[in-house]
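In: A predicted structure for the sequence below; I have some questions about it.
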Amino acid sequence: MSDALMTGLVTVKQGDVVIIDNAKNHFTNYGMETLLCDLNISYLSVISHVICTCFGSYSWSMYLGTNTTVGTTPTMTALNSPIGTTPGTVPTTANESFISGATNGTWATVWSAMWTQGSISGTVGEMALYLCYNTTGTANGAAYVSGSSDTFANSTAGMYSRLSVADGDFNAFAINTTQPLTVDWKIQIAYS
């Protein structure tokens, strides 16, 4: 039990009906680089005043798209055809939770997004989790930020992982605008 496996699992519900159950996502280069950058930072140098460096869950979101023909590639940075203005329609509510693996060896974070009935429409063929990208990491593990006023450094969210019809992850579905649509995106690390 010395190896660990990282997996992204996505569950989608319209009202109380589960339409996608624990489909495995596809991580992007952005996601892998972010994870390794966060692990690689050994210290943060702050020069002058208040500086806040931001990590994964700062300004995170999920977006839905309509494309059913373009599969996920490691270099992909955005949905192919987002629903709404790029990067997509922001969920009505969004929250996250942490699952401790102290007893079973499976640790996870679940990002939950919900669009209220009527707040989004269309046929879903792709979806993505966007997490904040930590741009301050360097090859030697140092992070350096400077500023003369309150600054939120590196607070840009990017496409961390994606699920798509083109990859065979799920079947396209029409959003039922009379029901809320909920997406739970769980990234877990477990002993393998």
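Out: It's in.

In: can we go C-alpha only for contacts and neighbour counts from here?
Out: Noted.

In: spatially speaking, which residue is in the middle of this structure?
Out: Computing the C-alpha centroid of the chain and ranking residues by CA atoms, centre = their mean puts L129 first, at 2.7 Å.

In: Tell me if I'm right that it and W185 touch.
Out: Yes: counting by CA atoms under 8 Å, L129 touches W185, with 7.4 Å between them.

In: Sticking with the residue nearest to the centre of the chain, tell me its helix or strand.
Out: In this structure, L129 is located in strand 126-132 according to DSSP states H and E.

In: counting contacts, what elements does that strand pack onto?
Out: Packed against strand 126-132, as judged by 3 or more CA pairs under 8 Å, 6 or more residues apart in numbering; DSSP states H and E, are the following elements: strand 61-65, strand 157-164.

In: Sheet partners, orientation included, of it?
Out: Strand 126-132 has the following strand partners under DSSP bridges: strand 61-65 (antiparallel), strand 157-164 (antiparallel).

In: looking at these, which has the lowest confidence?
Out: For the strands paired with strand 126-132, mean pLDDT drops lowest on strand 157-164, to a mean of 90.

In: can you list the residues that contact that one?
Out: Residues from elsewhere that reach strand 157-164, judged by CA atoms under 8 Å, 6 or more residues apart in numbering: 8, 23-32, 58-61, 68, 71-72, 76-78, 125-133, 169-170.

In: ok now do T66, which residues does it touch?
Out: Each residue near T66 by CA under 8 Å, 6+ apart is listed here: N80, S81, P82, I83, G122, T123, V124, G125, E126.
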